[in-house]
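> here is the input, now give the coordinates:
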Amino acid sequence: MILPSVIALLIPAGLAMLVTGLTRAKNATQTAFMVFIGGALATLGLWAVGFRVMGGGTDAVFLYRAVQAGIVVAIPVGVLAERWSLKNFFLYVIFAATLLFPVAVLGSRSLVDFAGAGSVHVVGGFSALAGAVVLGPRIGRYNRDGVLAPIPAHNVPLALLGCFVLTVGWLGINTGDLPAEAPRLAMVTLLAGAAGAVAAAAFMIFSTRRPDPTIAVNGLVAGLVSSSAAVAIISPAAGVITGGVAGVLVCLMLPVLDRKHIDDPVGAIAAHGVAGLWGVIAAGIFARREASLGVQALGGVALAAWAFGISWLFFKIAGKFLPMRVAPEVELEGLDLSETGVVGYPEFQRSNVYGSGLPFGATPRK
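From the prediction side, this is the model:
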C-alpha cells in the first residue's frame with residue numbers, strides 16, 4: 001500500500017495545477033498554496049486526532065488516509081477560489097482532518113466504497129457546496145439582473161497538464177488495497193476517466209459545437225471519481241458506463257448551479273460531489289452481488305447530508321471568529337500579495353497594496 005499511496009500524492013499535485021489554471025492569474029499563488037499547505041496541515045491534524053477517531057491502523061493505512069485527507073481539503077479550494085480567506089481556510093482544514101473526514105470514513109464502512117468516492121469526494125464536494133452557499137459568488141460573477149458573467153480561466157494548458165498528473169495519482173489510489181489485481185483495477189480506472197472526458201466533450205460539441213476543454217477536464221475527473229467506489233468489483237464495460245454517465249452529469253449540473261447563483265469557478269461540486277454520489281450508487285447497479293442498491297443510495301445521500309450539514313455549521317460559526325471572505329478591495333486586487341505576500345506572475349503583473357493588480361500599462365485604481 002505504501003507505493004500506491006506515494007503515487008496517489010500526485011492527485012493533490014494535479015488538483016493544484018487544475019484549480020490554479022481554471023482561475024485567474026491574480027490569485028494563482030494563493031490558490032496553489034492552499035492545496036499545498038492544506039495537505040500538510042491535514043496530515044498533522046489526522047495524525048494528532050483524526051486517525052484515532054476513525055479507529056487507527058497501521059502506518060501504511062495512515063499514509064493512505066493522509067493522502068485522502070489532502071484530497072478532501074483540496075476540493076473546496078477550487079469551489080471557493082478567489083475569495084476565501086487563508087486564515088479561515090486553516091480552520092477548515094483542522095475541522096476536516098479531525099472531524100469531517102474521519103466520521104465519514106466510519107460512516108462509509110457499511111458501503112462498497114473501495115477508494116473513497118463517498119468518504120472523500122462526496123464529502124469534499126458537498127462540504128464545498130455548503131461553503132459556496134455561505135460565502136456567496138465572486139464579485140462580478142452575476143450581473144445585477146442575475147445573468148451569468150463569464151470569468152475566463154487564465155491558463156487552460158496548465159489545467160490540462162494537471163489532469164495528466166492526477167490521472168497517474170488515481171492509478172495509485174485505486175489500486176492500493178489489491179496489488180495482485182492492480183493491472184485490472186488500473187484498466188477500469190483509466191477507462192472510466194477516459195469515458196468521462198469523452199462524454200463531457202461530446203456533450204459540449206453536441207450542445208455548443210465546441211468541446212470546451214474546461215468542461216472536458218471536469219469530465220475526466222468525474223469519471224475517475226465515479227470509478228473509486230467499485231473499481232475492484234465492476235467490469236471494464238461497467239467502468240466505461242459509470243465514467244461516461246459521470247461526465248454527462250457534470251455538463252448537466254454546472255448550469256443548474258449557476259441558475260442558483262452557486263459560484264464554482266472550477267466545477268468541483270459536480271466533478272467530485274455529484275460524480276462521487278453517482279459512483280456510490282452505481283456500485284449497487286453494476287455489482288449487485290457485492291452491493292445493495294438501496295444501501296448504497298441511502299449511504300451516499302447520508303454522507304452528502306453529513307458533509308453539507310456539518311460544514312454549513314462550521315462555516316457559519318468559524319466566520320464569526322475569522323471572516324470567511326477577504327475584503328472586497330482584496331478580491332478585486334487579487335489575493336496573492338495580500339494573502340501570501342508573493343505574486344504568481346511578477347514579470348507580467350503589477351501588483352502592490354495600492355496598485356491595480358492589472359498588467360503593466362493599466363491605469364491604477366484611484
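> leaving out chain neighbours, which residue sits closest to the spatially most central residue of the chain?
In the chain, the residue lying closest to the centroid (CA atoms, centre = their mean) is residue 75, at 2.7 Å. Leaving aside its sequence neighbours, residue 75 sits nearest to residue 124 (CB to CB, 6 or more residues apart in numbering; 3.3 Å). Heads up, the C-betas are built off the backbone N, CA and C, glycines and all.
> doesn't that neighbour lie inside a helix?
Yes - remark: residue 124 belongs to a helix, assigned using DSSP: H, G, I helix; E, B strand; the rest coil.
> picking that back up, element containing the residue nearest to the centre of the chain, please.
Per DSSP states H and E: residue 75 is located in helix 59-79.
> for that helix, C-alpha coordinates in PDB please.
Provided in PDB are the C-alpha atoms of helix 59-79 (Å, rounded to 0.1, in the frame of the first residue of the first chain):
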ATOM      1  CA  ASP A  59       1.500   3.200   9.400                       C
ATOM      2  CA  ALA A  60       0.600   2.200   5.800                       C
ATOM      3  CA  VAL A  61      -3.100   2.800   6.500                       C
ATOM      4  CA  PHE A  62      -2.300   6.200   8.000                       C
ATOM      5  CA  LEU A  63      -0.300   7.200   4.900                       C
ATOM      6  CA  TYR A  64      -3.200   6.200   2.600                       C
ATOM      7  CA  ARG A  65      -5.700   8.100   4.800                       C
ATOM      8  CA  ALA A  66      -3.400  11.200   4.900                       C
ATOM      9  CA  VAL A  67      -3.400  11.400   1.100                       C
ATOM     10  CA  GLN A  68      -7.200  11.100   1.100                       C
ATOM     11  CA  ALA A  69      -7.500  13.900   3.700                       C
ATOM     12  CA  GLY A  70      -5.300  16.100   1.500                       C
ATOM     13  CA  ILE A  71      -7.800  15.500  -1.400                       C
ATOM     14  CA  VAL A  72     -10.800  16.300   0.800                       C
ATOM     15  CA  VAL A  73      -9.400  19.700   1.800                       C
ATOM     16  CA  ALA A  74      -8.200  20.400  -1.800                       C
ATOM     17  CA  ILE A  75     -11.800  20.100  -3.300                       C
ATOM     18  CA  PRO A  76     -13.200  23.200  -1.600                       C
ATOM     19  CA  VAL A  77     -10.200  25.300  -2.600                       C
ATOM     20  CA  GLY A  78     -11.400  25.200  -6.200                       C
ATOM     21  CA  VAL A  79     -15.000  25.900  -5.400                       C
END
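> quick one, the next helix or strand after it and helix 59-79 angle?
Counting by DSSP H and E, the element after helix 59-79 in chain order, helix or strand, is helix 86-95. In terms of direction (axes from the mean of the first three to the mean of the last three CA atoms, to 10 degrees), helix 86-95 departs from helix 59-79 by 140 degrees.
> pull the distance from helix 86-95 to the chain's centre.
With CA atoms, centre = their mean, to the nearest Å as the basis, helix 86-95 stands 16 Å off its chain's centre.
> residue 211 against residue 203, yeah?
No - judged on CB atoms under 8 Å, residue 211 makes no contact with residue 203 at a distance of 9.3 Å.
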